[in-house]
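[1] Everything below, folded, please.
(chains A and B)
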Amino acid sequence: MSWMFLRDLLSGVNKYSTGTGRLWLAVVFIFRLLVYIVAAEHVWKDERREFECNVRQPGCETVCFDHFFPISQVRLWALQLIMVSTPSLLVVLHVAYREGREKRHRKKLYVSPGMMDGGLWYTYIISLIVKTGFEIGFLVLFYKLYDGFRVPYLLKCDLQPCPNTVDCFISRPTEKTIFILFLIITSCLCMVLNFIELSFLVLKSHPVRWLNLRERLQSHELITH
Amino acid sequence: MDWGTLHAFIGGVNKHSTNIGKVWITVIFIFRVMILVVAAQEVWGDEQEDFVCNTLQPGCKNVCYDHFFPVSHIRLWALQLIFVSTPALLVAMHVAYYRHETARKFRRGEKRNEFKDLEDIKKQKVRIEGSLWWTYTSSIFFRIIFEASFMYVFYFLYNGYHLPWVLKCGIEPCPNLVDCFISRPTEKTVFTIFMISASVICMLLNVAELCYLLLKVCFRRSKRAQAQRNHPNYALKESKQNEMNELISDSGQNAITGFPS
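    Take a look at the predicted model:
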């Protein structure tokens, strides 16, 4: 039970996505999840062990590390991946609910339970908005927590019990900066894909939806979702 | 054997749960087990190695670490997840027993008009009513009790959910009151609060599910009592009414496809 569980869950989303949605899934799997597992995790593995301060006072290094890294970048990356992937499950749940309803009523209620019309369209739009919200939220959090996206090689620390202002050295700062930039770029790419998908869905169904609504009002029928 | 085994057990219960139960299973596996495995275990990985005390006295660090962390957070969470998931096995056992009994009656020739063959019995979705309703409700009740107990144990063992950056320790063989520093206290506090919040959400889902089941039973009973008052030949109409109830009010018996089960 690990990232493979998330991968299996998201593979089920593929069936009910648009073309852009499938592209988004591919970007998430290859450029974010795979890169995280095979590379990023290892870059940050020794972050605490190799964090060194120019002092022998016990506890000074521990306190300085905790001050500069309240939550590790790699953990934020993992949380972002999980939060950004889960809204897609709303769509799977909605389709399953539709299939359950058809089975119970024992007749065809929808053109196809996976077709994006009616309530499923709204669910898909909401999931896109929530995903984009999470992406932006995590990027802002990253920026605020670490004063930018660059990892410096040297930090000055004068917290108790450090006797004076000591120099603390972070391990692999350049490699970490490169991977953080990679994370930012893939995040922005996913956001762009979400916007494209959102615009495509709204523009494509806009004339059709209003026509349907008028027809519905005229014949006093309510399409249930 | 790892968390995947628990997932295989609980996934089987998914079919017989209400909708809220299915959401609960999702929250447990995505926001608690996954977070525990991919993130929290890394944060607590070096907890003893990087627990530093301001003394050279051998044994002082060990004794102080043991005093402040009788059971590690990670181990407590793992136990909590196991205890909270296992009442669902009561439901699985009850369903298995019911199917076994039905199959036995079928072989004796009793339920031939209801089922075509033994495969049909295995595929049939068992409804949450009668004794299964009591089993299901008790399992939810036990889940709530276990969640609350573990949250209390956490609070009691660690004096709250916040980890301090320095602890004072004066236990033998430490020569005096020494400062001991916990590694990554802020990150640990963040994850502790995250796991507690997920725990609270799961408890709320369980309470909602309990209320839903109780309301469903009250609604069914009041409908039956009302029908008996209004229609003398109620028995004839009851079967038709049951079918309507099934369609209108019983929205909690969906099977979710695409979910690992």
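
[2] Now do stretch B:44-62: everything it contacts.
    Contacts to stretch B:44-62, defined as C-beta atoms under 8 Å, 6 or more residues apart in numbering or on different chains, come from residues A:48-49, A:57-59, A:61-62, A:161, B:64-65, B:69, B:72-74, B:169, B:171, B:173-175, B:178-184, B:188. (C-beta placed from N, C-alpha, C; glycine too.)

[3] show me where pLDDT drops low in chain B?
    Along chain B, the model assigns pLDDT under 70 to residues B:1, B:111-118, B:120-121, B:231-261.

[4] Please flag which of the contacts of stretch B:44-62 sit within helices.
    Of the positions in these, A:61-62, B:64-65, B:73-74, B:188 sit in helices, assigned by DSSP state H.

[5] from those, which is closest to residue A:8?
    Closest approach to residue A:8 among the ones in helices among the contacts of stretch B:44-62 (C-beta to C-beta): residue B:74, at 24.5 Å.

[6] Who's the closest spatial neighbour of that closest one, skipping the chain neighbours?
    Closest residue to residue B:74 apart from its sequence neighbours, by C-beta to C-beta, 6 or more residues apart in numbering or on different chains: residue B:44 at 4.7 Å.

[7] neighbours of that neighbour, just the number please.
    21 (other C-beta atoms under 10 Å in any protein chain shown).

[8] Quick check: it vs residue A:16, distance?
    Separation of residue B:44 from residue A:16 (C-beta to C-beta, to the nearest Å) stands at 38 Å.

[9] Helix, strand or coil: sort out residue 156 for me.
    This is for chain A. Of the three states, residue A:156 takes strand according to DSSP: H, G, I helix; E, B strand; the rest coil.

[10] could you do chain B instead?
    Secondary structure of residue B:156, per three-state DSSP, is helix.

[11] The chain: strands as residue ranges?
    With no chain named, the answer covers chain A. A:52-53, A:154-157, A:166-169 (DSSP state E).

[12] ah, no, chain B please
    Per DSSP E, chain B carries strands over the ranges B:52-53, B:166-169, B:178-181.

[13] mind checking how far the first one is from the chain centre?
    It stands for strand B:52-53. Its chain's average C-alpha position is 37 Å from that of strand B:52-53, according to C-alpha atoms, centre = their mean, to the nearest Å.

[14] who does it pair up with?
    Strand B:52-53 sits in its sheet next to strand B:178-181 (antiparallel), going by DSSP bridges.

[15] Run through who's touching the partner strand.
    Residues contacting strand B:178-181 (C-beta under 8 Å, 6+ apart): A:58-59, A:62-63, A:161, B:51-55, B:60-61, B:64-65, B:68, B:165-170.

[16] Let's see that with 6 Å instead.
    Contact partners of strand B:178-181, identified using C-beta atoms under 6 Å, 6 or more residues apart in numbering or on different chains, comprise A:59, A:62, B:52-55, B:64, B:166-167, B:169.

[17] Any of those buried? List them.
    A:59, A:62, B:52-55, B:64, B:167, B:169 (16 or more other C-beta atoms under 10 Å in any protein chain shown).

[18] which residues does residue B:182 contact?
    Contacts of residue B:182 (C-beta under 6 Å, 6+ apart): residue B:163.

[19] I'd like the distance from residue B:221 to chain A, if you could.
    22 Å (C-beta to the nearest C-beta, to the nearest Å).

[20] With adjacent residues omitted, what lies nearest to residue B:135?
    Spatial nearest neighbour of residue B:135, excluding adjacent residues (C-beta to C-beta, 6+ apart): residue B:94 at 4.5 Å.
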